[in-house]
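Visitor: Here is my input; please provide its structure:
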Amino acid sequence: MTALGTAFGWLERFCHNYGPKIGRSTIAIVLLALWLPIVLVVVMSFAAEGVLSFPPDDFTLEWYFIFLENDAAISSVFTTMKVSLVATPITVALATMLSYGVSRYDFRGKGAIQGLVTLPIIVPLIVVGVALALFFGVINLSGGFWSVVAAHVVRTIPFAALIILPTFMTFDRSLEEASKDLGADELETFWNVTLPNIMPAIVAGGILAFTVSFNEFIYTYFVRGTGMETMPIYLWSRIQHNVTPEVNVLSVVFLVVAILMVLLAVLLTNVSRITMRS
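Guide: All right, here's what the predicted structure looks like:
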């Protein structure tokens, strides 16, 4: 016991003396590992050479102008935006209805539904992609805009629901009861009381769904038609055939969209409150 006590005492002193430094160093290493590759991509998008080599000998904006003049690249951006802008409201509506039903009612299969909602996150993407391609083929929905939208909805519902559902679960239901006591029916109570209070979570879920949809590759790859090319698909084709700094420019576009979505979520929602409730 004496030896064990001595060991614990030494460990306690070590953590007290060096713990903060080790913690800060660990955080710095993790952040560096996460952001260094992204920083390199941004730097290489300004490389003057046509070959991806680091460090670049010179810097230029030429590849950005090439990207802006590339009709196929611009078309893929607009196609991705259209898919995401259609899939996101569908996702938010379904995730909100699902969250409301699960949080307000008890019914047979409730636990199974909650598990099925998160299943697309757990199952490997390629497995779900193949399954969606086969399913859409059976119902004659394969190879078009709406098949891609449907696949993106399947992909994004779990992310939106994981944000919206905890807000429903922690919502003060006495407000709904007070509204009904004053004569409001179920729909009026939801529209005038519940919805305004959960709107930050709905907006945050929608922004996350849009970001995931905008970056989705695997589901799109399996269910798209031959003439449909979203931005991730276009980027993949460029990597396969001719790797130039324009590929880095496309990656920077993805990065800018993701950052803008995060900033938008911070501006429009009380993210800290949602996180505390979750």
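
Visitor: make it CA atoms for all contacts and neighbour counts henceforth
Guide: Will do.

Visitor: Find the nearest non-adjacent residue to the most centrally placed residue in the chain, please.
Guide: When C-alpha atoms, centre = their mean is applied to the chain, the residue found nearest the centroid is residue 212 (3.4 Å). In this structure, residue 212 finds its nearest non-sequential neighbour in residue 156, 6.5 Å apart by C-alpha to C-alpha, 6 or more residues apart in numbering.

Visitor: Can you report how many residues lie near that neighbour?
Guide: Neighbour count for residue 156, taken as other C-alpha atoms under 10 Å: 28.

Visitor: Residue 261 against residue 214, yeah?
Guide: No. Counting by C-alpha atoms under 8 Å, residue 261 does not reach residue 214; the two are 10.7 Å apart.

Visitor: So which of these two has more stuff around it?
Guide: Taking other C-alpha under 10 Å, residue 261 and residue 214 do not tie; residue 214 has more neighbours (26 against 18).

Visitor: So, low pLDDT: which residues of the stretch 151-278 of the chain?
Guide: For the stretch 151-278 of the chain, applying pLDDT under 70 flags the ranges 241-244, 265-266, 268-278.

Visitor: if we go to 90?
Guide: 158-159, 161-208, 211-212, 214-278 (pLDDT under 90).

Visitor: ok, back up a step: helix or strand for the residue nearest to the centre of the chain, which one?
Guide: helix 195-215 (DSSP states H and E).

Visitor: Quick check: next helix or strand after that helix?
Guide: helix 218-223.

Visitor: Between helix 195-215 and the helix or strand following that next one, find me the angle.
Guide: Using DSSP H and E, the helix or strand that follows helix 218-223 towards the C-terminus is helix 231-241. Helix 231-241 and helix 195-215 are oriented at 20 degrees to each other (axes from the mean of the first three to the mean of the last three C-alpha atoms, to 10 degrees).

Visitor: Now do helix 231-241: everything it contacts.
Guide: Residues outside helix 231-241 that contact it (C-alpha atoms under 8 Å, 6 or more residues apart in numbering): 73, 76, 77, 79, 80, 215, 216, 217, 220, 221, 247, 250.

Visitor: For the nearest residue to the fourth one once chain neighbours are set aside, give me its contacts.
Guide: By that I understand residue 79. In this structure, residue 79 finds its nearest non-sequential neighbour in residue 230, 5.6 Å apart by C-alpha to C-alpha, 6+ apart. Contact analysis of residue 230 by C-alpha under 8 Å, 6+ apart lists 76, 77, 79, 80, 220.

Visitor: For the fourth one, grab the count of nearby residues.
Guide: Spelled out, that is residue 80. Count around residue 80 with other C-alpha under 10 Å applied: 22.

Visitor: Pretty sure it sits against residue 214.
Guide: Yes. Counting by C-alpha under 8 Å, residue 80 does reach residue 214; the two are 6.0 Å apart.

Visitor: separation between residue 188 and residue 194?
Guide: Residue 188 sits 9 Å away from residue 194, going by C-alpha to C-alpha, to the nearest Å.

Visitor: Tell me which of those two has more neighbours.
Guide: residue 194 (20 against 15).

Visitor: circling back: could you point out the helix or strand that follows whichever strand or helix holds the residue nearest to residue 212?
Guide: Taking DSSP H and E as the definition, residue 156 sits inside helix 145-169. Note on helix 145-169: by DSSP H and E, the next helix or strand toward the C-terminus is helix 174-181.

Visitor: I appreciate the help and will end here.
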